[in-house]
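> Following is a predicted model, sequence given first.
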Amino acid sequence: MPRFKRFLSAAFIALAMGQGLAHAQAELPAAQLATLKQKLSQRMPQLPPIDGARTTSMAGLIELRAGGHILYTDTSGDHLIEGQLIDVRTQRNLTEERTDEINQVDFASLPLRDAVVWKSGNGKRRMVVFADPNCGYCKRLERDMQKLKDVTIYTFMIGILGDDSKAKADQIWCAKDRTQAWLKWMIDGEAPPRALGQCGSPLQRNMALSQKLRVNGTPAIIFEDGSRLPGAASLQTLEQRLAKAAGKGG
């Protein structure tokens, strides 16, 4: 998440308790939203565009949705807060829940035909990974994912680390067995064969998809329940998130 430490106070824990919890959450009226957007954009032009705003369970605190992130302000827009809003009675991280909610992906709508696919066991559990062929964290994640059981992994190759990444993505896609070419490169460091002629690589479509979904780095993981996980994750975390996704009927 982008940081604005030069402009904001240190990240805070807001205690959502007492009478503040009685306040219903509702989208701001259009006129109030327009006023907040104008004031904040003038005072803090480095902020990402504000997509929307609503009241929170804490009296006087407004939630801002900006570039897939959650920030907070007061009703006048004179203060901006970056941090976590916690309901201490239930121990719920309200900021984390809202971030997951606004960034949720419709898994069924993803163009899986444009992904490199491999499966273990019955392949019943599914997840998507956005990865750059030259991303070291992606290689570590790929090695860890080999230990997962009964999964199908769909990898959308994107080239965000330079021209060599784009060339490798095309070469892997155009290989006779693209799945093996991907795994050999990511796990064993065996370079893919050079592509001969045109084979209709989906790289540009994958890049456009990653931008649409606000994938700002690799690896980026999407589970079948639509939840997301930025960055490499431990095997334990992957198992937990896969189980949670399956529990939601993904």
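Nice, I can see it.

> Domain map for the protein?
Following automatic domain parsing, the chain resolves into domains at 12-102, 107-247.

> May I see these organised as TSV, with mean neighbour count and mean pLDDT added?
C-beta coordinates here come from the backbone N, C-alpha and C atoms, glycine included. Converted to TSV, the domains of the chain look like this (neighbours: other C-beta atoms under 10 Å; pLDDT from 0 to 100):
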stretch	mean neighbour count	mean pLDDT
domain 12-102	15	85
domain 107-247	17	94
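
> in this structure, which spans are strands?
All strands of the chain, identified by DSSP state E, fall at 12-15, 50-55, 61-66, 69-74, 80-81, 83-87, 92-93, 116-120, 125-131, 151-157, 220-223, 228-230.

> In its sheet, which strands sit next to the last one, and in what direction?
In other words, strand 228-230. Applying DSSP bridges, strand 228-230 is found paired with strand 220-223 (antiparallel).

> which residues touch stretch 136-150?
120-125, 129, 131-132, 151, 153, 183, 186-187, 218-219, 221, 231-235, 238-239, 242 (C-beta atoms under 8 Å, 6 or more residues apart in numbering).

> Mark which of the residues you listed are part of helices, please.
With helices taken from DSSP state H, the overlap with the contacts of stretch 136-150 comprises 183, 235, 238-239, 242.

> Residue 129 is in contact with residue 223, isn't it?
No: counting by C-beta atoms under 8 Å, residue 129 stays clear of residue 223, with 10.4 Å between them.

> and the closest residue to residue 94 other than its chain neighbours, how far is that from residue 97?
Leaving out its chain neighbours, the residue that sits closest to residue 94 by C-beta to C-beta, 6 or more residues apart in numbering is residue 85, at 4.4 Å. Per C-beta to C-beta, to the nearest Å, residue 85 is found 9 Å from residue 97.
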